[in-house]
Structure formats: C-alpha cells, structure tokens
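Chemist: just the structure for this:
(chains A and B)
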Amino acid sequence: MALNDPYECPACTNLFAQWGHNTLAFFQQVGQAILLNSRALFMTPLMFRKRMRTEVAYQLFYTGIKSLPVLSVVAFFVGMIFAVQTGIELARFGQEVNVGGAVTVVMLREMGPFMTGLIIVASVGSSIGAQLGTMKVSEEISALEIMSIDPVRFLVMPRLVALMVMMPFLTLYTDVLSIFGGGVIATVQLGVEPAAYLDNALLYAENKDLYTGLFKALVFGFVINMVACHQGLTTKGGAVGVGKSTRSTVVISFLVILITGFILTKFFYG
Amino acid sequence: MSENSRKKDVTTEIVVGAFMFTMLVVLLTITVVMSQNKFFEKSWTLKAEFPDVGGLKEGESVFLRGVKIGNVDKIEVAEDESGVELEMRLDRPVTLYEGYKLQVETASMLGGMRLVIDEGDHSGPKIPEDQLMNLKGEPTPDLLETANLLVGDLREITSQISSGKGTIGRLIYEDGLYAEAEGLVKSLNETAADLEIVSENARLISDRLATGKGTLGRLLSEDEGLFTELTNTVANVNAASGDIRKIVARVEKGEGTLGRLLSSDDQVYKDLSATVESLRSFSESLNNDEGTVARLLSDDTLYIKVEGLVDEARATIDDFRETSPITTFSTIFFGAF
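Modeler: Reported below is the predicted structural model:
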C-alpha cells in the first residue's frame, strides 16, 4: 500500500491561504498516520502465521531486549536522582522516610512510562524511521508491493505489535529499577531502613498507579510506531530525506508522548 | 531456511519469551503486594455502620492501640440511606467490650484517613460474636468545623486583647501593670542583691566550717579535741546531775540542814525564828546604846582614846627604831669583851 504524497500547498501569495493549505497538509499527515497504524492494528491476528511469527519475534527482541542495557542505566540513575532531590527536601522536615512513597508513586504513575517512551523513541523509533525511510528511498517498499507483499502487514504490523507489547513490560522494568535505585539512595544517603522504604512505598502506591502507568506505556507504544512508520514510509529525497524522517520521528514522537501523557493523566487523575 | 538462521530465530524467541514471562511474574507479584491482600493467611472480618466515613477509602488501614491490624475492605452507602456500611478485614481477631468505639480519623497532617478501633472497657461485658457483623461507628469529626470554631475562639480572644480586656490585654494596653511590674522587678533585683550578700555570708560560713574555724567548724573538723572536751563536759554534767540527784534525795528525806529546813518538821524553823528574835533584840540594844558594843559603835570617845594610844605606841616604836642601831652596836661591842 503506497501512501499518498503529502498534500502540497499551491504557490499562492496569500498568507491566510497558505495557512489553510498547511493546515490541510497537517490533517492529511495525521489522518494518514492514524489510518496506517489502524490497519496494522487490525492485522495483528496475522502475527501468529508462521512467516510473520519470526518477524514479530525479531521485532520484540530488537525493541525489548536490545533496549534493556540503556534502559537499565537510565532507570537506575533516574530513581537515584529523584530520591536524592525529594529526600533532601523531605529531610528538612524530618520526613525522609516518605521518600519511598514519593519515588514509587511518581515512577509508577508518570515517570516510568514517560522515560521509557523517550528512550524507546530515541533508540527504536528513530531506527524504525531511518530503516523504513531508507527502504522507501531505495524503492524496496515498491518492490514489496510489486511482489504483492503488503508493507503494512510485513513492516508496520510487527513493529506495532513489538512496541505495544514491549512498552508496558519495559515500563515495568524501569519502574522496578528506579524504585530500587531510589532505595539505594534512601538507605545509603538518607539513612532510611530498606524495610521502611518498601513499607512506605507500598503505603502510598496503589494498583491503579501501576496499571495506569502500564496503560500509558501501551498508548505510547502505539504512538511511537504510528509516528515512526509514517515518517519512514513518507520519506523523500535520498539520504537527506532519511535524515529528516529520523529527526521528525524523534521530535514529533516526543511531543505526542508529552501531550498524550497529559491527557491520560488528566483522564485518570483529573 | 538454514540451520544457523533457524537457531538464531529460536534463540530470539526464547529470550523474548523469557523476558516477557519474567516481567509477567514481576507484574503479578507487584500487583499482589500492592493490593496488600494476604491470600494465604487467615483473616477476620468486622462490619460496622457509620453515619458518615469522612472520605475514608477502601484499602485504608485499620488501627488497634496504634498498631495496624488490617484494612478497610468495602465501603457502601446503606440501602436504607441511614449511613454507610463498612467492612474491614483484620489480620487478627479483636475482642470488643461494652463502650467500644470505631472512629475514622485523619492519618496525618498531610491527609489520608484511617479507622481506629477502641476496644472499650475490659472490665465490662464482651460484645457477642454475632454482633461483630453489626457494629456501630462513631460520627467522623468535621475538621473544618473544628478549625472554624477554633478560629472563632481565637478571633474573640484577640478582640478582647485588643480592647484591653483580660490579663494579657491589660498587660499590653495598661501602663499601671507595667509600673507594678517594673516595681516588682526592682524589688526582685534588691532581693537578689540581698540574696547575693546572704550567699556570700553563707559562703564565708561554709569556708570557716570547711577550714575548721569556730566552734561549729571545730565540731565538724577532723580534729576531735573539742569533741573530746564536750564529751568530758557532758560526763561531768552527768556526774553533777548524779550528785544533785543524791542531794535532792537527801533533801527529800529531810537529811542535812537544807533537808531539815524543807522538811515538814518545823523545829529548825522555830530555832531559826528564835535566833532571828535574839538578833533583833541584840540590834535593838545596839540602837539604844546599851552595853559595851553599842557604846563602841555609837560613842567616839573610846575611839579617840584608842587613836591617841595608837599614836603613842607608834612614837614609842619610832624611838625604839632610832635607838636600835646604837643598842645593837653596844650589845655587840660589849658582847666582845
């Protein structure tokens, strides 16, 4: 399925007419991306077919397992940083024992999925954009279509499945490591007993916080794949175009994750 | 598909599967731990009806004597709209007595609620087990209302103070109290100065005591001389008192002059009266110039004669003294021959 070319503004001098055309072009891009991903979503039952299964497994491996090293370091240090910052302020009031609750709730609700999303955008999203962009400019996508292989089913759907499945698991992994990192700081620097840290964490954290965060991660996975695949499949202009697609993938994904995160937080806790 | 490629695919699938399975187990564990439900431990359930629960939520802690013993399991508005039905799951059985209290309280200054169980008076009758499913909770104190009352009281107090009423108001707005306070402080200062002198004296006394000066100091010092003297004195006094006791005994028996004087027998008194009478007649004789003694006392003729006689005697002695060396020399001179 070849995506239509982006809507091009006619060479009009009227400023308002240009704005209108640009708005139309923006809506077209958004619509294309949503439709592209929706098609991939409806094709997910096909992932259990023998040929697709291998590809999906590879994408799961690439998205999930390959991201673990960088995610581990980032998660551990973010947990420690957060514990230090909140712990110092709480210690002024003699409330450093509450650092466990603060770290856990914030990581589960917001920072866990958000941080995981950003790291996956930077590592996997950019990779998808660059990979599909290169395939587009080198006309591999066209070749697939000529061979009657649907690029959405073969390229987009496995990545969508991988991102939507792996994002919640990676977020959970980030949560656990961050809370552990926070616990290390609480114990070593703030003098809070590990048991007190955990008790306090469990006192304030609820299952709703955990599952809200995991749901956010699921949505972020969908969003990242939507932006990355769309940007990749609409790449134009050779190597420069690939670079632009990669950059656009990262920037747009960041923004969409921020906005989506706010909306979901407002929806669940507003 | 080559064998290597197939092996690689299988490895990928295994790693992905292992990771996802591990994460699923972690998710399950965290879910169970955070739900704070103890699936494999016995629990006890209590049910109570509250007029209102003041924002208490399911999952909040239940405390007994300051110890967390369970969680609020279910909160439902009662069907008859008379209150709120609350079910709590406890880790241990609780025995309630007459006068028990179930109260929803604020957990901390930062917020949050908790349910506190007061078992009641242990000397009172127990609440039967069948009634543990139909307990009555206390109405939740409205913190806002309490705060408003407090603020109202504070406002009244500050208005009284600002109008100069009451002790604090008078302290702030009346100069008389200030003057009295100033006088009091002054007299306190003087008293303090006196106390300083007293303490200085006390210090001097204690120094003297410490150095063993003065009677008390010597008494308190390690030198036992004074103590020994005192002991001897006491012994002497004891001995004297023994003697006195003997004298008194003799007096009581009527022995000796004093005894006879004080005894019931008035013979001595009579003798004494007779003596006094004789003395009186003697003195009267003297006054009347009767007899030699009276005239010696009243007539100075004899005195003049005696005086002349003494003068003559003195002259005779003087003559003898003047002639004495000559007599002595003559005696020696003629004695040699």
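
Chemist: so where do the helices sit in chain A?
Modeler: Secondary structure of chain A (DSSP state H): helices located at A:15-42, A:50-63, A:68-92, A:99-106, A:112-120, A:126-137, A:140-146, A:151, A:157-188, A:194-204, A:207-233, A:238-269.

Chemist: tell me how chain B divides into domains.
Modeler: B:1-35, B:44-141, B:266-324 (automatic domain parsing).

Chemist: make CSV out of those and add mean pLDDT.
Modeler: Below are those laid out as CSV (pLDDT from 0 to 100):
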stretch, mean pLDDT
domain B:1-35, 79
domain B:44-141, 85
domain B:266-324, 82
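
Chemist: mean neighbour count, those: which tops it?
Modeler: Ranked by mean neighbour count under mean count of other CB atoms under 10 Å in any protein chain shown, those are led by domain B:44-141, which reaches a mean of 15. Every C-beta, even on glycine, is put in place using the N, C-alpha and C of the backbone.

Chemist: what's the end-to-end length of that domain?
Modeler: End-to-end distance for domain B:44-141: 27 Å, by CA to CA, to the nearest Å.

Chemist: touching chain A at all, it?
Modeler: Yes. Domain B:44-141 reaches chain A (CB under 8 Å from any CB of the partner chain) through residue B:59.

Chemist: dump the domains of chain B into TSV; add distance to residue A:156 as well.
Modeler: Below are the domains of chain B laid out as TSV (distance: least, CB to CB, whole Å):
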stretch	distance to residue A:156
domain B:1-35	19
domain B:44-141	42
domain B:266-324	154
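
Chemist: spit out the contact partners of residue A:160.
Modeler: Neighbour list for residue A:160: A:37, A:40-41, A:44, A:221-222, A:225, A:229 [criterion: CB atoms under 8 Å, 6 or more residues apart in numbering or on different chains].

Chemist: change it to 10 Å
Modeler: A:36-41, A:43-44, A:47, A:56, A:59, A:152, A:221-222, A:224-226, A:228-229 (CB atoms under 10 Å, 6 or more residues apart in numbering or on different chains).

Chemist: so what's residue B:250 up against?
Modeler: Contacts of residue B:250 (CB under 10 Å, 6+ apart): B:256, B:258-259.

Chemist: ok, and the most crowded of these?
Modeler: Among the contacts of residue B:250, residue B:259 has the most neighbours (other CB atoms under 10 Å in any protein chain shown), with 18 neighbours.

Chemist: sorry, back to before: which among the contacts of residue B:250 gets closest to residue B:204?
Modeler: Nearest to residue B:204 among those is residue B:258, at 50.7 Å by CB to CB.

Chemist: pull the CA atoms of the strand or helix carrying the closest one into PDB?
Modeler: Secondary structure assignment for residue B:258, by DSSP states H and E: helix B:256-262. The C-alpha coordinates for helix B:256-262 follow below in PDB (Å, rounded to 0.1, in the frame of the first residue of the first chain):
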ATOM      1  CA  GLY B 256      21.100  17.800 156.400                       C
ATOM      2  CA  THR B 257      20.400  21.500 157.000                       C
ATOM      3  CA  LEU B 258      18.500  22.200 153.800                       C
ATOM      4  CA  GLY B 259      16.600  18.900 154.200                       C
ATOM      5  CA  ARG B 260      15.600  19.800 157.600                       C
ATOM      6  CA  LEU B 261      14.800  23.300 156.600                       C
ATOM      7  CA  LEU B 262      12.500  22.000 153.900                       C
END
